[in-house]
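[1] I'd like to go over a predicted model; first the sequence, then the structure.
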Amino acid sequence: MNGAQEQVKIHDKYQFEMKFTYPIDLNDKKLSYQVETYMFMPNNLGVTAKTYCKEDYYGDAQTYIRFKTPDMPLKSIVKGDKSPLKMLEKALKDIATTPADPDKENNYKQSLKMFCSVLKSSLRDEEAFIERLGENDKVEDFIKDFNDTAADIVKEFRALRKLAHVPLLQGRPYALYLLADEHISLTVDKYRYRLLMAVNRLPLQDPKKPRAALLDAIHAETLYRDANKYPSVPRPNSDNEVMLYRMSALKKIMSSILFLKTQTRREGVYLEQLSMGLAAGIAMAFATAVAFLGQNRLGNLSLTFFITLVVAYVFKDRMKELTRIFIYRKLQKRLYDHKTVIRNGIGNIMGVHRQSVHFVDEADLPPELVKIRNKDYITELDNGYLGEQILHEKKQVTLFGGVESAPGLAGRFAGINEITRHNISKFLSKMDNARKLLYVADKNGVRETKGSRVYHVHLVTKFGKEGKPPSFNHFRLILSQNGIKRIEAVPV
């Protein structure tokens, strides 16, 4: 990875997700990335600086900072001495010989979670790759290879059960292995289901055979979970509450190896107080100077001197407030709202994440942003008639590449992911009804039909590595009163 990478997708009906990947270079002691996001919202949504303050924005955003899962072909997960499965096997043998060693137990937990995380990532990537295949590719062969490889990986993982199921390991380490086994079964089924749903869309000559193979594999995994008394078995005519809870809990447990410790605090508190003190000092100096001059020229006891002091006091207060606002605005351009310190598993600082957000005027936009946003003529006309509110989020991410990620994991992670989910519920309150009644005329007369009322919110991102020219991306959020309909990538 040469620079920051970005993904924008729908998370659910009311949330969209932005994911940025910042590469780590162990040979580079310090890396700095700048990310800016401009959100263009039509005025008729009623989202302004008065109705949507910083606290609203940060309250509607949920951010996770974690390591990027290592990229690995599906077949490589079990092959080679350094493969995740071989590392797990070695960790199991080590803990079986010295179960009282906390370092070896910790290495076993990390290796198990790493295996689960890499498997999930590889299954996701290869399933997505198959969905993008064209007519000239041997799609049937790719589906068969995916299904068979997944089955082989699960079989080899379960062959390690005899190493974990020993008297010295009875308790939490073996229980964690069983949880991982259940999680792997659910994960493999998840991507088989996705591929199964995509079979009808794929250019297959005869979809019956791959569909049957995927269904057989899914059925076998369901029977396996049932036989092992894992609660995560879907039941017809049930709300499957337990299954959904366990799927979510297992995902969090196994991916916990990727998550980093963060500590967030407000930035610029001392400078803000200093600016207020400086403003008070300037105002006091003005009032004192007026008092001295008035005393020298008008005397101590006169009505004119009294009025002069009152006027000076009034101007002192106004001068204090205006000076404070002036200094704070100047500082605001250089400071961020929040500063988050990123630490690894052993407490060392791996980086610093700074973030700020505020509304800006179109006149203050860089020319390249204006050009990207006003891509078509109807957009320019729409801007001129209704106008837009522009929310600007600015982030600076500094990473210290020479810091080891965690004991025994150095070099396994190539980057850090920042995942932010934005809730757009507050954008919907001023929208018209999602459905509108329309009329269609034909030779038989006029009949009624329904139309969908939507609003466009544009996202333009500017990001890059320090010292290199930035790159831009443009996305269009299609919203209705019912939530997010879709997200479209707009050519830049």
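    Structure's in. What do you need?
[2] can you give me the strands in the protein?
    Using DSSP state E, the strands of the chain run over 5-12, 15-23, 31-42, 61-67, 261-266, 338-343, 349-360, 388-399, 415-423, 435-442, 445-452, 455-465, 471-480, 483-490.
[3] of all the ones you listed, which one comes closest to Ser232?
    Nearest to Ser232, of all the strands of the chain, is strand 5-12, at 21.2 Å by CB to CB. (Glycine included, C-beta is placed from N, CA and C.)
[4] just the buried positions in stretch 344-351, please.
    The neighbour-count check on stretch 344-351 (16 or more other CB atoms under 10 Å) flags 344-345, 350-351 as buried.
[5] just put those residues in JSON lines and tack on pLDDT and distance to His456.
    Listed next are the buried residues of stretch 344-351 as JSON lines, based on pLDDT from 0 to 100; distance: CB to CB, whole Å:
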{"residue": "Asn344", "pLDDT": "78", "distance to His456": "41"}
{"residue": "Gly345", "pLDDT": "70", "distance to His456": "43"}
{"residue": "Met350", "pLDDT": "83", "distance to His456": "38"}
{"residue": "Gly351", "pLDDT": "86", "distance to His456": "35"}
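[6] with just CA atoms, put stretch 153-162 into PDB.
    The C-alpha coordinates for stretch 153-162 follow below in PDB (Å, rounded to 0.1, in the frame of the first residue of the first chain):
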ATOM      1  CA  ILE A 153      -9.200 -25.400   6.100                       C
ATOM      2  CA  VAL A 154     -12.100 -26.300   8.500                       C
ATOM      3  CA  LYS A 155     -11.000 -29.900   8.500                       C
ATOM      4  CA  GLU A 156      -7.400 -29.100   9.300                       C
ATOM      5  CA  PHE A 157      -8.400 -26.700  12.100                       C
ATOM      6  CA  ARG A 158     -10.500 -29.300  13.700                       C
ATOM      7  CA  ALA A 159      -7.700 -31.800  13.500                       C
ATOM      8  CA  LEU A 160      -5.900 -29.700  16.100                       C
ATOM      9  CA  ARG A 161      -8.700 -30.400  18.600                       C
ATOM     10  CA  LYS A 162      -6.900 -33.400  20.000                       C
END
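[7] who's in contact with it?
    With CB atoms under 8 Å, 6 or more residues apart in numbering as the test, stretch 153-162 has contacts from 74, 77-78, 85, 88-89, 92, 115, 119, 177, 181, 184-185, 188, 221.
[8] do stretch 70-88 as well
    Residues from elsewhere that reach stretch 70-88, judged by CB under 8 Å, 6+ apart: 108, 111-112, 114-115, 118-119, 121-123, 125-126, 146, 149-150, 152-153, 156-157, 160, 412-414.
[9] still on that earlier bit, worst average pLDDT in the strands of the chain?
    Note on the strands of the chain: strand 261-266 shows the lowest mean pLDDT, a mean of 80.
[10] and the angle for that one with strand 349-360?
    If you take axes from the mean of the first three to the mean of the last three CA atoms, to 10 degrees, strand 261-266 sits at 40 degrees to strand 349-360.
[11] only alpha carbons, please: show strand 261-266 as PDB.
    C-alpha atoms of strand 261-266 as PDB (Å, rounded to 0.1, in the frame of the first residue of the first chain):
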ATOM      1  CA  LYS A 261      -6.300   0.900  22.700                       C
ATOM      2  CA  THR A 262      -7.300   4.500  22.400                       C
ATOM      3  CA  GLN A 263      -7.500   7.500  24.700                       C
ATOM      4  CA  THR A 264      -9.300  10.600  23.600                       C
ATOM      5  CA  ARG A 265      -9.200  14.100  25.100                       C
ATOM      6  CA  ARG A 266     -10.100  17.500  24.000                       C
END
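[12] low-confidence ranges, the chain, go.
    1-5, 26, 168-170, 267-281, 283-287, 290-334, 375-386, 401-412 (pLDDT under 70).
[13] can you give me the helices in it?
    Secondary structure of the chain (DSSP state H): helices at 54-60, 84-97, 102-131, 139-158, 161-164, 172-198, 208-227, 241-255, 269-298, 303-332, 367-373, 377-386.
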